[in-house]
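Chemist: here is a sequence with its predicted model. Questions after.
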Amino acid sequence: MSGATDYYVPHEAKWPIVGSIGLFVFFMGFGNWLNGRALGKELFIVGTVILIVMMFGWFGTVIKESEAGTYNSQVDTSFRMCMMWFIFSEVMFFAAFFGALFYARSFSGPWLGGEGGGGADVTNAVLWAGHDYVWPSDGPGKIAGDYRPMPWFGLPLINTLLLLTSGVTCTIAHHAIKEGKRQKMVIWLAATVTLGFIFVACQAYEYYEAYAHLNLKMSSGIYGSTFFMLTGFHGFHVTMGAIMLLVVMLRGMKGHFTADNHFAFEAAAWYWHFVDVVWLGLFIFVYLI
Amino acid sequence: MSYSDKAHDHPGHDEHDDHHHGPAKGLMRWVKTTNHKDIGTLYLWFSLIMFFIGGGMALIIRAELGSPGLQFVDPMFFNAMTTMHAIVMIFGVVMPAFVGLANWMIPMMIGAPDMALPRLNNWSFWIMPFAFTIMLSTLFMDSGGPAGGWTLYPPLVLQMGDSFAFVIFAIHFMGISSVMGSINIVATIFNMRPPGMTMMKMPMFVWTWLITAYLLIATIPVFAGAVTMLLTDRYFGTSFFSAAGGGDPVMFQHIFWFFGHPEVYILILPAFGIVSSIIPTFARKPLFGYDSMVYATASIAFLSFIVWAHHMFTTGMPLAGELFFMFSTMMISVPTGVKVFNWVATMWRGSMTFETPMLFAVGFVIMFTIGGLSGLMLAITPADIQYHDTYFVVAHFHYVLVPGAIYSLMAATYYWIPKWTGNMYDEKLGKLHFWISTIFVNVLFFPMHFVGLAGMPRRIPDYNNIFADWNFIATIGAFGFGFSQLLFVYIIIKCVKGGKEATTEVWEGARGLEWTVPSPAPYHTFEVAPEINSTTVTR
Amino acid sequence: MTSGVYRWMLLVVCALALPSVAWADWGALNMPVGVTEISGKVYELHMRIFIWCCVIGAAVFAVMFYSMFKHRKSKGAVAADFHESTTVEVLWTIVPLVILIVMAIPAAKVLIEMEDFSDSEMSIKVTGYQWRWQYEYLDQDISFFSQLDSASNVARQANSTVDPASIEHYLKDVDNALVVPVGKKIRFLHTAADVIHSWWVPDLAVKKDSIPGFINENWALIEKPGVYRGKCAELCGRDHGFMPIVVKAVSQEDFDTWVGEQKMKTASADMDAIRQWSQAELMATGERVYAANCMSCHQKEGQGIPGMFPAIAGSDIVNGDMDMHVHTVLNGVPDSPMQGFGSSLSDVDLAAVITYQRSAFGNQAGDILQPSHMRSLRQGLRQSALAVPQNNLKGVN
Ligand code: HEA
Ligand code: HEA
Ligand code: CUA
Ligand SMILES: [Cu+2]
């Protein structure tokens, strides 16, 4: 609870309904597209554009209000809480995929390989005779053909270093703005954003390698499924985080933010650290072991 | 201390508006509103409409099951009705209705001017109609609506036609709404309380919603992840749920129920909060054991995360797993029992009257307990292996959901509608509504226990003659109960249009801040934060 | 409320209660005791918990109703002022906990017994298909399919003129029952070919999910000869409600005789497969096979259900090259409800249904497929049937 006296309650908002319509068009388009129906891609793109416009408009309004000093510290706290719990919800989203990875590796995999009690031995003997379980696995159907898993050294290791470094540069930028040094903040943020985009580029190259040379695809059994699902969603989040930081940087260049009012920066930074931590989990559980 | 809108100090502001005014006019008022009461109203109307859609589907199910043989619908359509009925009732009725009540009541109960993030609040609501447009539109697609049960188990659900992608996206869409709505509620409860309003001074309804919001934030994303994996299995060649590729169909069930079990408490915890508000009012005696009620709610929420596999006792889990999930599930009865006992103790030596809200609340306590006790029977693994996927389960969950969650919503409506509209509802009709609903709801769901035990599986459109009598009775009950709800709508409309004027306090024994503002509650309340000290009655 | 309303309500209650008393088949109210030791124990457990629950419910409701009658404002009750007591809170936490422990002990015991799969004397593999069961006696080398009997199948169709009530075991009878000996611990191995099913026979207190790609174990030791009926208990698509199970428990001698008969049948089926068939014979058999296996999706007139199941009438595949037609029926279409029937239908049945489809519903192909030819085709195609299941990438492209 803050001791502040006035809490800003906006009246009439047009952006939310635009956002709903945008999402509606987006999902309808995506659904049509997946099913190979008419107007799939088109609606998908229109929906995306509406969503982008919505975000510009909505965040623009908020930024204007914030710069005009409309928000007191209690509003600031509301924003903080929302960002915090939003990130927590994202953590749970990733938890579902990590859960799938753990389950496949420690339950269904061994079961198909005949280890464990219950019907595991017969499962293996009767249905999948001759199948030995080892991770990485494309399952007893050997549905991936001749594929190779992604090694952890090389690109993934470089990517780990990139992200860890970007965490440091981001923190330096944060200290800079806390000391009121906006110029320094912008510089270090530029470094962070650059590192982020290099990461995404490396990831894209890694995917290219996987498809072109390792015969490792989304359809390469459970290994390919978990690999691409986890790294894919992570890569998407890195991209979003980098864009957020980029916006913060541009705002910094326009003269936004002060030593004690820079929530947008902090939100983006939290997000960035979250993406970082998820990567560490990925690096350990998807690549290393 | 004054809460004011600073916008007029800043001419550059593009959504400028004077603060001390009423709502805008016309349709756009509702589309663009950021007012927590408007949004609450929207949610409540939305869920009432969805209740009739979901209920209409239930009536199709019951009509088909009225007698043996195929009467009206193809089995495929029957399955689509079962699936859609559940999805509509859970995601389109009970959840939005609770969010609507949260919107209306939480700011008033804690003395806040509005929700923490009013614009986000608007978005949370306005997603729902669009999401359900997508969901319901699948019924009109060539391949028909989703017909794999609301639990969406693969591989069956992967056999669905084109509508599959739309069902998954509709779920993502609704998920976004739920998570944003919950985050808003958390922020409101933590950040919008005026000085003096400590956590332990909050009404139970606020507490139960706080805990529910956490359940939502923690589990809806997991559900979103699960259905995303279904989507990629279907369209992008992944093999999460296919053994040939090293996955496992049962893995989906684990992930689904990790969401699904907390979900059923999402459907009941706010109901506990409502009942905990109503019983003290009409017993004219404070809630007994407030502190232990808070702890019990938290314990239920915690336990709900570690019991999920009680829905999966027949999937071939290892013995140790079955024992663990049996014991943990049984444990939930303890905190739930604490709640029931505290309600009874609140009534004990009170000075009770039985206006309609109280009738529904008492009906809730009794029939929820019946449903809870059959839940306890389901927790006993060896017996559940027999009960599983029979009408005994259907009876269990309808007892906790219909005379449970739905009754709590009706109780809440009667309890707070004078505050919302400024008019008293028609007490005579209200009581009539309660009594016929209660008779029919039991005629509807009680026989399901019998046919279930006698061996009638769920999700079937046709059955042997030995189940005919009880099914026929259940069908009578369904139509009786369904049509009684038209009375409910009539009472609501009548009350909105007029009626005896309500006082500020409305109920003689009412306690809490919402009863200190006039009826109907003005468009903006608590623009000046209320003074709250250790003697203020806030719950 | 006026007393008139009360009287009206009372009338409704009586009106509803009376027929339920008069019509109800009181035998069909509770879980069966069953015919295995385990099923008896499960029944006992069920009754014990049920009674506990009734007692708890009765106690809670008694206090509630007492309070509701005594402590009403209209009776002049004045609200007391108490609103907390740590003692009672602790008490009503501990007492239910104790009750639960008392319940959990016997439950755990029965569960442990149920999960003891050791020392089984014979094994039967049960595979769920949409919508029938395959039974493979692993020790006797017998294998057959079991599905809804034809009497129920006719009566259950939409607009059928047969009254379901006129059929004795409506939806509870199959063409080929599972025959097992009494007094032997039988191990069941459950799996499925397409989607999840669940093999449930209440009298044996067994219910276990059949998961495609996995095998679940279960067991039963039947003590009493008789016919025990069950059903598929996991939603498995359109005809989930029409997937009964019949277990015929017989003495060991009768079982041995039955095994002998089955072996004979297999031999004569082999004979059938080598002889030449006339088109009329094939059409007649084909019609029957179609009705039993294909009709639920492709519909009576071969018209299919648009958007879900393609029409056979006028289908390019059916009217085109025979090989493609055979391939489709034998191996199915990956990632679609169209399963391969190669493992579940005999050579005669396959040849007949294919021949039938090519001439029925106005189809013009008109050629015939001999069972013997089918047999050699099948041997050739077996390789491709076992090949890697291709995930077809419908979608983004
Ligand atoms: C509001 C929703 C709700 C609630 C509150 C509950 C509450 C409970 N449920 Fe239920 N349940 C569902 C909704 C709900 N359920 C749904 C929708 C399904 C089916 C899903 C599907 O398959 O489609 C289901 C299915 C379901 C199953 C799976 C059945 C199966 O498919 O085989 C089980 C098994 O354990 C179960 C158990 C319980 C238990 C132990 C409780 C407990 O929380 C109940 C606790 C309450 C009491 C016990 C009564 C009050 C207590 C006292 C008076 C104290 C004294 C008591 C003792 C000492 C015992 N439920
Ligand atoms: C909150 C949740 C909720 C609610 C409120 C209900 C309410 C009802 N449910 Fe449902 N139900 C579920 C959740 C719920 N259900 C779930 C989760 C399942 C499992 C699904 C699955 O297996 O996947 C299920 C399954 C289910 C089945 C089993 C289907 C099967 O296994 O095949 C049946 C069968 O009788 C049923 C019946 C009913 C009935 C009669 C009502 C009644 O209470 C409804 C009341 C009726 C109305 C409110 C109708 C309104 C009035 C009219 C329509 C009058 C006409 C006038 C106009 C339209 C203007 N439900
Ligand atoms: Cu097979 Cu249901
Ligand atoms: Cu549960």
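Modeler: Yes, it's here. Ligands and ions are numbered 1, 2, ... in the order given.

Chemist: for ligand 3, what are the nearby residues on chain C?
Modeler: C:128, C:131, C:197, C:232, C:234, C:235, C:236, C:240, C:243 (CB under 6 Å from any ligand atom). Glycine gets a C-beta too; all of them are placed from N, C-alpha and C.

Chemist: who wins on neighbours among those residues?
Modeler: Among the residues of chain C next to ligand 3, the one with the most neighbours (other CB atoms under 10 Å in any protein chain shown) is residue C:197, at 32 neighbours.

Chemist: how far away is residue A:245 from ligand 3?
Modeler: 52 Å (CB to the nearest ligand atom, to the nearest Å).

Chemist: in the stretch 101-250 of chain A, what residue lies closest to ligand 2?
Modeler: With CB to the nearest ligand atom as the measure, residue A:103 is the residue of the stretch 101-250 of chain A nearest to ligand 2, at 23.5 Å.

Chemist: wait, that residue sits on residue B:251?
Modeler: Yes: with contacts counted by CB atoms under 8 Å, residue A:103 reaches residue B:251, the gap being 4.9 Å.

Chemist: which stretches of chain B have low pLDDT?
Modeler: For chain B, residues meeting the criterion pLDDT under 70 lie at B:1-22.

Chemist: relative to residue A:272, how far out is the residue minimising distance to the centre of chain A?
Modeler: Closest to where the C-alpha atoms of chain A average out (CA atoms, centre = their mean) is residue A:237, at 2.0 Å. Distance, residue A:237 to residue A:272, by CB to CB, to the nearest Å: 10 Å.

Chemist: kindly report the same for residue B:27.
Modeler: Counting by CB to CB, the gap from residue B:27 to residue A:272 is 42 Å.

Chemist: and these two? which has more neighbours close in?
Modeler: residue A:272 (25 against 8).

Chemist: which residue comes closest to that one once chain neighbours are left out?
Modeler: Nearest residue to residue A:272, sequence neighbours excluded (CB to CB, 6 or more residues apart in numbering or on different chains): residue A:241, at 4.9 Å.

Chemist: excluding chain neighbours, what is closest to residue 165?
Modeler: Using chain A. Using CB to CB, 6+ apart, the closest residue to residue A:165 is residue A:195 (5.9 Å).

Chemist: if you could check chain C rather than the one you did, that'd help
Modeler: Nearest one to residue C:165, counting by CB to CB, 6+ apart, is residue B:465 at 5.2 Å.

Chemist: just give me the neighbour total for that neighbour.
Modeler: 21.

Chemist: my guess is residue B:183 contacts residue A:87, does it?
Modeler: No: the criterion here is CB under 8 Å, and residue B:183 misses it with residue A:87 at 10.3 Å.

Chemist: neighbour-wise, which of those two wins?
Modeler: Using other CB under 10 Å, the more surrounded residue of residue B:183 and residue A:87 is residue B:183, with 26 against 15.

Chemist: just the CA trace of stretch C:152-172, in PDB.
Modeler: In PDB, the C-alpha atoms belonging to stretch C:152-172 read as follows (Å, rounded to 0.1, in the frame of the first residue of the first chain):
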ATOM      1  CA  SER C 152     -28.500 -54.700 -31.200                       C
ATOM      2  CA  ASN C 153     -26.700 -53.200 -34.100                       C
ATOM      3  CA  VAL C 154     -29.900 -53.100 -36.200                       C
ATOM      4  CA  ALA C 155     -31.900 -51.700 -33.300                       C
ATOM      5  CA  ARG C 156     -29.500 -49.000 -32.400                       C
ATOM      6  CA  GLN C 157     -29.500 -47.300 -35.800                       C
ATOM      7  CA  ALA C 158     -31.300 -44.000 -36.100                       C
ATOM      8  CA  ASN C 159     -34.900 -44.400 -37.300                       C
ATOM      9  CA  SER C 160     -34.700 -48.200 -36.700                       C
ATOM     10  CA  THR C 161     -38.000 -49.900 -36.400                       C
ATOM     11  CA  VAL C 162     -36.800 -52.400 -33.800                       C
ATOM     12  CA  ASP C 163     -37.700 -51.500 -30.300                       C
ATOM     13  CA  PRO C 164     -34.600 -51.700 -28.100                       C
ATOM     14  CA  ALA C 165     -36.700 -53.000 -25.300                       C
ATOM     15  CA  SER C 166     -37.500 -56.100 -27.300                       C
ATOM     16  CA  ILE C 167     -33.800 -57.200 -27.400                       C
ATOM     17  CA  GLU C 168     -32.800 -59.100 -24.300                       C
ATOM     18  CA  HIS C 169     -29.200 -57.800 -24.000                       C
ATOM     19  CA  TYR C 170     -29.500 -54.600 -25.900                       C
ATOM     20  CA  LEU C 171     -26.000 -53.200 -26.400                       C
ATOM     21  CA  LYS C 172     -24.700 -55.700 -24.000                       C
END
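
Chemist: residues contacting it, please?
Modeler: The contact list for stretch C:152-172 (CB atoms under 8 Å, 6 or more residues apart in numbering or on different chains) reads B:68-70, B:74, B:462-465, B:468, C:148-149, C:151, C:173, C:229, C:231, C:241-242, C:244, C:246, C:291-292, C:300.
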